[in-house]
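Undergrad: Just to be clear, the model below is a prediction. Sequence and coordinates:
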Amino acid sequence: EQRAVVQFRLPVVPGINDDAENLDRVAGFLVGLGAPALRLVPYHRLYLGKYQALGFVPRLAAVEPPTAEALRRVGERLVSHGLAVEVDG
């Protein structure tokens, strides 16, 4: 039986999805699937100019990207569940 290789990625948006309860649930879901790893994708604000040029109101305009410390904390929480964690960027 041949299985597809799937890479799981989690955008990390401070104050939106980086709390302990959510991270524990994400980790539990992935461990339940047998996923060995997860790639963290830090939220960035590169989209803001395009949104504003198109006349859209960016709902997350006030959200700052996660700090290196915040990403470390998120990663450690996920590693504690047995996942290998990598960080983009």
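TA: Thanks, I have it.
Undergrad: now the strands for the chain?
TA: With strands called from DSSP state E, the chain shows them at 9-12, 37-42, 84-87.
Undergrad: And the average pLDDT for the top helix by length along the chain is what?
TA: In the chain, taking DSSP state H as the definition, the longest helix is helix 20-33. For helix 20-33, the mean pLDDT works out to 97.
Undergrad: likewise stretch 55-67?
TA: Mean predicted lDDT for stretch 55-67 stands at 94.
Undergrad: Any buried residues in stretch 64-82, and which?
TA: Pro66, Leu71, Arg73, Val74, Gly75, Arg77, Leu78 (16 or more other Cβ atoms under 10 Å). From N, CA and C alone the C-beta is placed, and that goes for glycine too.
Undergrad: distance between it and the chain's centre?
TA: 9 Å (Cα atoms, centre = their mean, to the nearest Å).
Undergrad: Now do it: everything it contacts.
TA: 12-14, 18, 20, 23-24, 26-28, 31, 38, 40, 42-45, 85, 87 (Cβ atoms under 8 Å, 6 or more residues apart in numbering).
Undergrad: Can I get the buried part of those residues as one ChimeraX selection?
TA: Buried subset of the contacts of stretch 64-82, written as a ChimeraX selection, criterion 16+ other Cβ under 10 Å:
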select :12,14,18,23,26,27,38,40,42,43,85
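Undergrad: tell me the contacts of Pro58?
TA: Pro58 touches Tyr47, Leu48, Tyr51, Gln52, counting by Cβ under 8 Å, 6+ apart.
Undergrad: Tabulate those residues in TSV, adding columns for pLDDT, distance to Glu1 and neighbour count.
TA: Formatted as TSV, the contacts of Pro58 follow (pLDDT from 0 to 100; distance: Cβ to Cβ, whole Å; neighbours: other Cβ atoms under 10 Å):
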residue	pLDDT	distance to Glu1	neighbour count
Tyr47	91	40	13
Leu48	91	45	13
Tyr51	92	44	15
Gln52	90	49	12
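Undergrad: so which pair among the residues you listed is furthest apart in space?
TA: Spatial extent of the contacts of Pro58 (Cβ to Cβ) is set by the pair Tyr47 and Gln52 at 9.5 Å.
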